[in-house]
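1. coordinates only, no sequence provided:
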């Protein structure tokens with residue numbers, strides 16, 4: 001069993017993957033398993049663009 005400190009370190013190192021899993025993009029572990037590093041980074045860039053667009057939209 002890894003320590004809480006080690007778990008936090010690993011989570012930070014793998015943040016691009018965790019970020020996608022925790023987002024509202026409905027990406028699963030199996031989806032991530034099929035993606036290479038470039039795909040993961042592109043998906044994160046797309047998520048950034050999406051979040052910026054959401055900020056610019058007028059509140060309803």
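-> Noted; the coordinates are in hand. The structure displayed is predicted, hence computed values, not measured ones. Numbering: from 1, shown residues only.
2. what comes into contact with the lengthiest helix in the chain?
-> Criterion DSSP state H: the longest helix present in the chain is helix 37-56. Here helix 37-56 makes contact (C-beta atoms under 8 Å, 6 or more residues apart in numbering) with 16, 17, 19, 20, 23, 25, 27, 32, 35. C-beta here means a position set from N, CA and C on the backbone, and glycine is covered the same way.
3. helix, strand or coil for the second one?
-> Yep, that's residue 17 we're talking about. Recorded secondary structure, residue 17: helix (DSSP: H, G, I helix; E, B strand; the rest coil).
4. and the longest helix of the chain, what's buried?
-> Buried residues in helix 37-56, defined by neighbour count with 16 or more other C-beta atoms under 10 Å: 40, 43, 44, 47.
5. same question, stretch 5-18
-> residue 17.
6. any idea how far it is from the middle of the chain?
-> 11 Å (C-alpha atoms, centre = their mean, to the nearest Å).
7. before we move on, what about stretch 12-30?
-> Averaging C-alpha positions (C-alpha atoms, centre = their mean) puts stretch 12-30 4 Å from its chain's average.
8. can you check the distance spanned by it, start to finish?
-> End-to-end distance of stretch 12-30 (C-alpha to C-alpha, to the nearest Å): 20 Å.
9. and stretch 29-44, by the same measure?
-> Stretch 29-44 end-to-end distance (C-alpha to C-alpha) = 15 Å.
10. same check, this time on stretch 26-44
-> The straight-line separation of the ends of stretch 26-44 (C-alpha to C-alpha) is 13 Å.
11. again with stretch 25-33
-> Using C-alpha to C-alpha, the end-to-end distance of stretch 25-33 comes to 16 Å.
12. now do the contacts for residue 13.
-> Counted by C-beta under 8 Å, 6+ apart, residue 13 has zero contacts.
13. give me the pLDDT for it.
-> For residue 13, the pLDDT comes out at 97.
14. roughly how far does it sit from residue 47?
-> Distance, residue 13 to residue 47, by C-beta to C-beta, to the nearest Å: 19 Å.
15. same question, residue 33
-> From residue 33 over to residue 47 the distance is 19 Å, taken as C-beta to C-beta.
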